[in-house]
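1. here you go, sequence then predicted model.
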4 protein chains.
Amino acid sequence: MIRFASDYTEGAHPSILSALAETNYEQNPGYGEDTHCAHAAELIREACGTPEAAVHFLVGGTQTNTIVIASILKPYQGALCAESGHINVHETGAVEATGHKVLPLPAVNGKITAAQVQNACEAHIHDASFEHIVQPGLVYISHPTEYGTLYTLEELTALSEVCHRYGLPLFLDGARLGYGLASPETDVTLKDIARLCDVFYIGGTKVGALFGEAVVITAPSLQKDFRYMIKRGGGMLAKGWLLGLQFETLFQNDLYMDLGKHAVTLAYRIRDAFREKGFSFIMESPTNQQFPILTDEQLDKLSSEFSFTLWEKVDETRSAVRFCTSWATKEEQVAQLIEAIKKL
Amino acid sequence: MIRFASDYTEGAHPSILSALAETNYEQNPGYGEDTHCAHAAELIREACGTPEAAVHFLVGGTQTNTIVIASILKPYQGALCAESGHINVHETGAVEATGHKVLPLPAVNGKITAAQVQNACEAHIHDASFEHIVQPGLVYISHPTEYGTLYTLEELTALSEVCHRYGLPLFLDGARLGYGLASPETDVTLKDIARLCDVFYIGGTKVGALFGEAVVITAPSLQKDFRYMIKRGGGMLAKGWLLGLQFETLFQNDLYMDLGKHAVTLAYRIRDAFREKGFSFIMESPTNQQFPILTDEQLDKLSSEFSFTLWEKVDETRSAVRFCTSWATKEEQVAQLIEAIKKL
Amino acid sequence: MIRFASDYTEGAHPSILSALAETNYEQNPGYGEDTHCAHAAELIREACGTPEAAVHFLVGGTQTNTIVIASILKPYQGALCAESGHINVHETGAVEATGHKVLPLPAVNGKITAAQVQNACEAHIHDASFEHIVQPGLVYISHPTEYGTLYTLEELTALSEVCHRYGLPLFLDGARLGYGLASPETDVTLKDIARLCDVFYIGGTKVGALFGEAVVITAPSLQKDFRYMIKRGGGMLAKGWLLGLQFETLFQNDLYMDLGKHAVTLAYRIRDAFREKGFSFIMESPTNQQFPILTDEQLDKLSSEFSFTLWEKVDETRSAVRFCTSWATKEEQVAQLIEAIKKL
Amino acid sequence: MIRFASDYTEGAHPSILSALAETNYEQNPGYGEDTHCAHAAELIREACGTPEAAVHFLVGGTQTNTIVIASILKPYQGALCAESGHINVHETGAVEATGHKVLPLPAVNGKITAAQVQNACEAHIHDASFEHIVQPGLVYISHPTEYGTLYTLEELTALSEVCHRYGLPLFLDGARLGYGLASPETDVTLKDIARLCDVFYIGGTKVGALFGEAVVITAPSLQKDFRYMIKRGGGMLAKGWLLGLQFETLFQNDLYMDLGKHAVTLAYRIRDAFREKGFSFIMESPTNQQFPILTDEQLDKLSSEFSFTLWEKVDETRSAVRFCTSWATKEEQVAQLIEAIKKL
């Protein structure tokens, strides 16, 4: 069984395992106050072009989303996001657990628009009962989205502008950021994201690390006392240098971008194989997740050899499925899948 | 500089790093639903003598305490604990963040007694304003305590009995459990803990793992839907098998106990060196933390070569300090410290 | 200016003011532990036909919804409700403030169906990521709804059955219950509600009281320790007998039903006047709220003499508006409005 | 049975009942946006000498404390207060329910000092683990305290200064403020409180109103969006003018001060009767609560005719008890009590 079900099925890039082994008996202070974290933060600030940004390292995505959002919102505020946004559908109410409502907006291909944000803000301001309604307090987007899609630079710029016009911090969930930055179809760079967002995170768990997400807070007003929030949210790793070490590795020698490119290249091979065979997709994804539509029979056939995710029923006899590649996917695994696709 | 400041200054036992390396390209399902977690849980159930216990793997101590406590308490209930308990003093209000009051009891050497718990329950029941007061909903103890001390079997049995008499689950924080179980001065075994507590955790972070805590829920009524709580609390590691793998390693070939013994043996050498030199201690600790009292001058002298923790001022010119050993402490490091002690 | 904008624009039925005056120097114990509360609870239990129900008196609707919901749900559970439900749209995230997600379902005329609840439960159970999704933990409905509509006995019975099949308590928000029970078009009695719901409240604020809502908990498993929840939620009125006194008055001599009938009768006169004049309505309401559609010009004309609520734009030149009657509406006020309608 | 058990055993001052009756059919907009609230706020601003203060009306004390505190604190902050403070001991964890730890300080006669606040802040700042500890975020005091005691102007000024030096808002719980302001032994005026505190509330429930507390926010930075907090906290009364009306009445013709004086005068008669008879007190209270120490036999004797509160056991055979007077206490009730005291 070869797994294409997710992009977190293997351990870590070998250079990360090496770094762990080499530093194993190094004695480090705890809680992220070590030289590896400091160095990794510096490398990330450089890559982002934001010398004043605060960088923190957390363990996982739900934890990161929750802590960032709770650090920004006032008690009566909520987070605007796509209705398909991870915080709205797949975090067991972690944001609500901190006392905040998620304010979902209808999404197209996992994305929301500047116009939607503006309308939501205007509607709130002009509602006669506005004080009886949760106030929009930030905008959450994911890039790539949960559907593998990407914002264009124009879309992201428009979102950033509208957010700042209404005083809402823009928070970008980059759990799969590496696969977005490496897409041949994107015009958005890491520096663009750092310039346009108030806070975002660079996903490690799905892009070469054992675990770990690097939060970058560019807005000075959101930086104060963030470490208290991490501790309170159960996110302060005792051996914090394990996170610093991993991001130190990922942000040297372009490794993070290279891992992203590897996965996207292989995803495109899978996409092309399905295309050539005449399959359609529920959406065009320019990143490491691909969503072809299979008949039940085709689905069964592929399932005998490969694992992948059932995404949604399209009609009585067909379903959209998701194939994920990652930094760890091997060329031969993809070749084997392509062979099987050809035989469908 | 040799660090005795805490028991989480190094990475992981080499056999854990090996296990990570060997399984790096193994493809595992996420979120702890893999064979390593299943196997580790089985090994732990065996070691505990509790074939029906639920075992879950979390990343860190604050996270574990918070999720366990929030899973047990009703909204109007609080957690009875020693005033020096970790949840009361060093978790930035993580328990309160879930809506619950911590109910501190005066502690002697970090421990509370069955009589205190009984008094607190009786006082609550008989207070005319009882509905205006947070109801005791569970008892939290740490073993070893934050002061390195241990409950005796008699004390633990009495606590368990009084808890069950009043319907309060007994929760034991075992962040340093390995160092407690390995103490030559304890009469409490892992099986005793599993029998007497309703839920407890076996600390990995401080006892040989890179990170990780194994929650053991022996009370059937507390087992339902715990995974929802983990996810909601931001504690569900995407690559959950990394936790399973580490506990699988720790609970084979007696490794967990051996690491505990190693640290305690070395701690006793340090204790004996201070004793022989005539130093007194703020308390007798039978585990890997030792709390001698130094003059400011002695403190300065040792600080030039060793890091350790300033615990509390004892008087104008003397302070209690903490020396920690761990699974990673080397004999030669201890020897070097003992040399320095002798010269004081 | 005559106000038809809401059903809480006047004080209280004169018999309630009299009761307050007569008992003003009576000395009562606080916090609802007085004879008036006990008597009012007894009268309500009789009216409901539920001799074992627990009855509690709270001050307002948002408070009541929040406390009831927080008392029922486990941390990882949410409240299924109509997307137009008051808890979802007009309580500034009070439910989320207790850590719980509101799970909105598309609604028709403010109502949800048993089939929707069943589908939501089945979808949750069968989702591969179910532990990553908030679990449905109760069903919240309002009766009358926020649109003045009513569940039929058949609909309510079906909801009750599906709730109990899936282990979800059914909670009915009866902020305007009197106006529902008094509708000539309903087949649902107070006894039906008490039999079919696990917990509900009888609204006083909008139906003759100065303020106050009577929570009736019929499900024995939901009764325990509810007063702690009230206190914790800031809902325990020091002079609790003020609530008991008001419900004692409302539930004697059929006053509550009479006040309901009075308002609905007058609402029907308004409805008939609009109908006779050829106006259409955005929905048929059998209770004290009526939603005719006016042109901007008609709206302006009526606004000079009457206050009412702009409900929603229907098209470029027309809006639906809401006219409310209440226990306090006077025949001559309605007559004056009808005159104005005739002149439109 | 004559009740001296609390100061909330009767309804409201007759002039408040009259105001309710006279305005019963007045049509008012809801939620505090009416002319009575506006007028009452204006009268309170005048009485306080703070023309820019925001004034809001809430229903009860726990609700007020919780909403005010939750509006001020950041998630990782807590409220410093006396260990006997109402929020710490008698609100069923309402503050914790909003995610915040109460940080109790040892109190003498219910009061804390500027030095204690300074020490707590300094200890936090200089703790090596400060980010692992809840940060002091405000100071809560009650005046009169739960023991009937009062801060002197010097004490209050010192508290205010230290709070502002450390950036902590000072919040004064004035549930019994009228009885403090009216004490012949105080040098603190309402204007002093308004000048020295950042936010405080003027208690109505215990001082002549049916219910109601007037929150005065003098610090401009704490005023924004407070009404959202009220609604979210379940504290926005639908018929908000009922609160405005009561404070409008209390703050005209010196009624609030007169009611305070009445109660304190009668309390002093009780105090003097006990004193003359040679009784001692557990503390000197200059307000409407008096705490004489009785033998069990004396306690039983008085209990047959009067209700009062058992405060605490002093030794095997004696207890401190509390006698409360209020705006409603009648001279003849006190005379009857004094007769009984004389016969002890």
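-> That came through fine. These numbers were taken from a predicted model, which means no experiment stands behind them.

2. low pLDDT regions in chain A?
-> Scanning chain A for pLDDT under 70 picks out nothing.

3. get me the contact residues on it for chain D.
-> Contact residues (Cβ under 8 Å from any Cβ of the partner chain) of chain A with chain D: A:31, A:70-71, A:74-76, A:98-99, A:131-132, A:135, A:225, A:227-229, A:231-232, A:236. C-beta: built from backbone N, CA, C; applies to glycine.

4. near chain C, which of these show up?
-> Of the entries in the residues of chain A next to chain D, the ones placed beside chain C under the rule of Cβ under 8 Å from any Cβ are A:75-76, A:98-99, A:131-132.

5. the residues of chain A next to chain D in strands, which ones?
-> Cross-referencing the residues of chain A next to chain D with the strands (criterion: DSSP state E) gives residue A:135 as the overlap.

6. just the buried ones from the residues of chain A next to chain D?
-> Burial of these was assessed by neighbour count (16 or more other Cβ atoms under 10 Å in any protein chain shown); the buried members are A:31, A:70-71, A:75-76, A:98-99, A:131-132, A:135, A:227-229, A:231-232, A:236.

7. need the contact list for the most far-flung residue of chain A relative to its centre.
-> When each C-alpha in chain A is compared with the mean C-alpha position (Cα atoms, centre = their mean), residue A:128 comes out farthest, at 36.9 Å. Residues near residue A:128 by Cβ atoms under 8 Å, 6 or more residues apart in numbering or on different chains: residue C:310.

8. re the thing from before, just the closest of the ones next to chain C among the residues of chain A next to chain D to chain B, please.
-> Closest approach to chain B among these (Cβ to the nearest Cβ): residue A:98, at 7.4 Å.

9. these two touch, right, the closest one and residue D:76?
-> No: the pair formed by residue A:98 and residue D:76 falls short of the contact definition of Cβ atoms under 8 Å, at 11.7 Å.

10. who's the nearest residue to residue A:163 once chain neighbours are set aside bridged to?
-> If you skip the residues right next to it in sequence, residue A:163 has residue A:170 as its closest partner in space, 4.3 Å away by Cβ to Cβ, 6 or more residues apart in numbering or on different chains. With DSSP bridges as the criterion, the beta-bridge partners of residue A:170 are residue A:139.

11. residues near residue A:170, how many?
-> Residue crowding around residue A:170 was assessed by other Cβ atoms under 10 Å in any protein chain shown; the count is 25.

12. report the contact partners of it.
-> By Cβ under 8 Å, 6+ apart, residue A:170 lies in contact with A:138-139, A:141, A:159-160, A:163-164, A:196-199.

13. determine the number of other residues adjacent to residue A:258.
-> Once other Cβ under 10 Å is used to define contacts, residue A:258 is seen to have 16 neighbours.

14. for the host helix or strand of it, which residues meet the burial criterion?
-> Secondary structure here is read from DSSP states H and E; on that basis residue A:258 sits in helix A:255-276. Buried residues in helix A:255-276, defined by neighbour count with 16+ other Cβ under 10 Å: A:255-271, A:273-274.

15. just stretch A:39-59 next, same as before
-> If you call a residue buried by 16+ other Cβ under 10 Å, then stretch A:39-59 has these buried ones: A:39-41, A:43-45, A:47-48, A:50, A:53-59.

16. quick one: the helices in the stretch 201-344 of chain A?
-> With helices called from DSSP state H, counting those that start in this stretch, the stretch 201-344 of chain A shows them at A:226-232, A:241-250, A:255-276, A:296-303, A:331-343.

17. so which of those helices comes closest to chain B?
-> Comparing the helices of the stretch 201-344 of chain A under Cβ to the nearest Cβ, the one sitting nearest is helix A:226-232, at 4.1 Å.

18. contacting residues for the closest residue to chain B within the stretch 1-150 of chain A?
-> Taking Cβ to the nearest Cβ, chain B has its nearest neighbour within the stretch 1-150 of chain A at residue A:63, 3.4 Å off. By Cβ under 8 Å, 6+ apart, the contact set of residue A:63 is A:213, A:233-235, B:234-235.

19. is it located within a helix, as I assumed?
-> Yes: note on residue A:63: a helix contains this position according to DSSP: H, G, I helix; E, B strand; the rest coil.

20. number of residues surrounding the nearest residue to residue A:89 once chain neighbours are set aside?
-> What sits nearest to residue A:89 in space, not counting adjacent residues and going by Cβ to Cβ, 6+ apart, is residue C:133, at 6.7 Å. Here the neighbour count serves as a burial measure; for residue C:133 (other Cβ under 10 Å) it reads 21.

21. how much space separates residue C:133 from residue A:7?
-> Applying Cβ to Cβ, to the nearest Å, the value for residue C:133 to residue A:7 is 20 Å.

22. can you pull the phi/psi pair for the residue positioned nearest the centre of chain A?
-> Taking Cα atoms, centre = their mean as the criterion, residue A:175 is the residue nearest the geometric centre of chain A, at 2.3 Å. The phi and psi torsions at residue A:175 (degrees, to the nearest 10) take the values phi -50, psi -40.

23. residue contacts, it?
-> If a contact means Cβ under 8 Å, 6+ apart, then residue A:175 has A:61, A:86, A:142, A:201, A:203, A:205-206, A:213 as its contacts.

24. what about 10 Å?
-> Contacts were defined as Cβ atoms under 10 Å, 6 or more residues apart in numbering or on different chains; by that measure residue A:175 touches A:7-8, A:60-62, A:64-65, A:86, A:142-144, A:146, A:201-207, A:213, B:238.

25. just residue A:184 next, same as before
-> When contacts are taken as Cβ under 10 Å, 6+ apart, residue A:184 is in contact with A:261, A:264-265, A:268, A:286.

26. and it, that's in a helix?
-> No: counting by three-state DSSP, one finds residue A:184 to be coil, located in no helix.

27. neighbours of residue A:310, how many?
-> With neighbours defined by other Cβ under 10 Å, the count for residue A:310 comes to 14.

28. isn't it right up against residue A:300?
-> No: Residue A:310 is not in contact with residue A:300 according to Cβ atoms under 10 Å; the separation is 11.5 Å.

29. joint contacts of those two?
-> Contacts common to residue A:310 and residue A:300, judged by Cβ under 10 Å, 6+ apart, are residue A:294.

30. relative to chain C, how far out is the residue nearest to residue A:163?
-> 21 Å (Cβ to the nearest Cβ, to the nearest Å).

31. can you check residue A:121 too?
-> In this structure, residue A:121 and chain C are 16 Å apart, going by Cβ to the nearest Cβ.

32. nearest spatial neighbour of that residue, chain-adjacent residues omitted?
-> Closest residue in space to residue A:121, ignoring its immediate chain neighbours: residue A:166 at 4.4 Å, by Cβ to Cβ, 6+ apart.

33. separation between that neighbour and chain D?
-> Distance check for residue A:166 against chain D: by Cβ to the nearest Cβ, it reads 14 Å.

34. residue A:34 too?
-> Computed as Cβ to the nearest Cβ, the residue A:34 to chain D distance reads 15 Å.
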